[in-house]
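A.B. asks: here you go, sequence then predicted model.
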Amino acid sequence: MFALQRELKLNNVETSLMRGNAGFKRWVYNFGLELLTASWSFEDIKASDSKRLDAIKKVFTQVTMQRPEYAWMKLYPSTVYQSAFIDLKDAFSRWRKGLVEFPKKKSKKKGDSFRLYKTAGIYPVKGEPAQAFTNRVVINAGKRIKLPGLKELRLKEGVDFICSSQTFTVSRTADKWFVSFMLDAQKIPPVIHPIISIGVDLGVKVLATCSDGTFYDMPVTTKKAKIKLGRLQWHNRNKVLGNKKLKIRASNNARIYYTQLAKQHAHIASIRLDTTQKMTTDISRKAYVIRIEDLNIQGMISNHKLASAVSNNCFYEIRRQFTYKQSHYSTKVELVDRWFPSSKMCSKCGHIQPMTLSERVYNCGRCEHIQDRDENASVNLMNAPIDKVRLA
Ligand SMILES: [Zn+2]
């Protein structure tokens, strides 16, 4: 199984429909939460949280939803409120087990989300095999998607292949809406790779350098966007988004600022994610065995000079993407021992010489081979001896 996520391309009507769905889900969640906690004060009722929530759901569908003032609820797919009850059960059972804090009311500030699935099927129950699912929704290749209970929507980036899924989660980050869904890996056609193996050197200066001579850069726009973010934060350094305990209401300007701030953060994150996703997909399509360095990320982040650059280029995220794309693109991701001297070794003759971080070109002292530092390292990663390599 792996997940696909796509940004939705919505017009104003569709955006308000998504907001409506998310608002409905939030309303039901908070309704259930309130009634459940209230029911605990009646000591003569002895029932589990799950049983209580079932009873509350009955009250909701048979009484609340039938009231004329709540007629608007019938405009939304029933899976929206059903998944709210599923989430509540889940939240309370996790709380009872001591895994999470007491479930809180949902608020609009924390972002919106709701789930959709085909009702005629069986909703996945935790711990049951995936085969129990019936009635999958088929997603055609292309830039359109039909979600259960909603009209067809447009996607910013298309889906490459025909596939099917059970459950769809629609969520909002700042002002962008996304749909994500799980796919079974075996339903995807096999991929034929033009290259058998590739070494990928993840770097600070260049995002990724490959042993076949290609390289990937982080776009300049992230730098611009970060400058804009810094400026925004400095100009608004004294703004506070209200305080419920002190009964201070957020000013309109503060509210505008926090929306802008969230947008800018999301903008940077989405450029980064977009670039790394494209890069890892591209390489996964190209090569069967992908070798990357098994970096001591913790160690590098504690080194302050490297910290910003490393977290910028998100090594860990790249490794994660390569790893989960294995099943989709039938690749094999291998990690090369972090003590393997990929930068210090000559990729032609195997000579090892010291290399400082500032030396950008490898100039071999033995065979006089000259190569770009990162390219030399990527070739070494590709050719690393098998005892220095482990599966990701
Ligand atoms: Zn050499």
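C.D. replies: Nice, I can see it.

A.B. asks: which residue does the stretch 51-200 of the chain have closest to the ion?
C.D. replies: As assessed by CB to the ion, the ion sits closest to residue 199 within the stretch 51-200 of the chain, at 17.0 Å. Any C-beta I mention is one placed from the backbone N, CA and C, and that applies to glycine too.

A.B. asks: what residues are up against that residue?
C.D. replies: Neighbour list for residue 199: 210-211, 291-292, 377-384 [criterion: CB atoms under 8 Å, 6 or more residues apart in numbering].

A.B. asks: just the ones of the residues you listed in helices?
C.D. replies: Of these, the ones assigned to helices by DSSP state H are 377-382.

A.B. asks: related to what we said a few turns ago, residue 215 versus the residue of the stretch 51-200 of the chain closest to the ion, what's the distance?
C.D. replies: Using CB to CB, to the nearest Å, residue 199 is found at 12 Å from residue 215.

A.B. asks: kindly report the same for residue 206.
C.D. replies: 5 Å.

A.B. asks: for residue 225, same thing?
C.D. replies: Computed as CB to CB, the residue 225 to residue 215 distance reads 22 Å.

A.B. asks: all helices for this protein, in order.
C.D. replies: Applying DSSP H to the chain gives helices spanning 12-39, 49-62, 78-96, 221-235, 252-286, 297-302, 304-313, 315-324, 326-329, 373-382.

A.B. asks: who does the second one touch, helix- and strand-wise?
C.D. replies: It refers to helix 49-62. For helix 49-62, the packing partners by 3 or more CB pairs under 8 Å, 6 or more residues apart in numbering; DSSP states H and E come out as helix 12-39, helix 78-96.

A.B. asks: of all residues in the stretch 1-150 of the chain, which one is closest to the ion?
C.D. replies: Nearest residue of the stretch 1-150 of the chain to the ion, counting by CB to the ion: residue 2, 41.3 Å away.

A.B. asks: quick one, what contacts that residue?
C.D. replies: So residue 2 contacts 182-183, 185, 324-325, 327-328 (CB under 8 Å, 6+ apart).

A.B. asks: residue 340 against residue 388, yeah?
C.D. replies: Yes. Between residue 340 and residue 388 there is a contact under CB atoms under 8 Å: 4.6 Å.

A.B. asks: now, of the helices and strands packed on helix 49-62, which is deepest in the fold?
C.D. replies: Highest mean neighbour count of the helices and strands packed on helix 49-62: helix 78-96, a mean of 19 (counted as mean count of other CB atoms under 10 Å).

A.B. asks: so that one versus helix 12-39, what angle?
C.D. replies: Between helix 78-96 and helix 12-39, the angle comes out at 40 degrees (axes from the mean of the first three to the mean of the last three CA atoms, to 10 degrees).

A.B. asks: packing partners of helix 78-96?
C.D. replies: helix 12-39, helix 49-62, strand 113-117.

A.B. asks: returning to that earlier point: how far away is the residue of the stretch 51-200 of the chain closest to the ion from residue 34?
C.D. replies: 57 Å.

A.B. asks: what's the neighbour count on residue 76?
C.D. replies: Other residues within reach of residue 76, judged by other CB atoms under 10 Å, total 21.

A.B. asks: let me see the contact set for it.
C.D. replies: 20-21, 24, 149.

A.B. asks: could you list the domains of this structure?
C.D. replies: Following automatic domain parsing, one gets these domains for the chain: 2-187, 195-391.

A.B. asks: chain center to the last one, what's the gap?
C.D. replies: Mean C-alpha position of domain 195-391 versus that of the full chain (CA atoms, centre = their mean, to the nearest Å) differs by 16 Å.

A.B. asks: for the record, mean pLDDT for that domain?
C.D. replies: Mean pLDDT, domain 195-391: 85.

A.B. asks: on that earlier part again, between the helices of the chain, which one is closest to residue 177.
C.D. replies: helix 12-39 (5.4 Å; CB to CB).

A.B. asks: specify the angle between the closest one and strand 113-117 in degrees.
C.D. replies: Using the same axes, to 10 degrees: helix 12-39 against strand 113-117 is 100 degrees.

A.B. asks: show the average pLDDT along helix 12-39.
C.D. replies: Mean predicted lDDT for helix 12-39 stands at 94.

A.B. asks: which elements pack onto it?
C.D. replies: helix 49-62, helix 78-96, strand 113-117, strand 167-173.

A.B. asks: try 6 Å this time
C.D. replies: In this structure, helix 12-39 packs against helix 49-62, helix 78-96, strand 113-117, with contacts taken as 3 or more CB pairs under 6 Å, 6 or more residues apart in numbering; DSSP states H and E.

A.B. asks: dump those to a markdown table, plus mean pLDDT and distance to residue 245.
C.D. replies: Putting the helices and strands packed on helix 12-39 into a markdown table (pLDDT from 0 to 100; distance: least, CB to CB, whole Å) gives the following:
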| stretch | mean pLDDT | distance to residue 245 |
| --- | --- | --- |
| helix 49-62 | 93 | 29 |
| helix 78-96 | 94 | 23 |
| strand 113-117 | 90 | 27 |
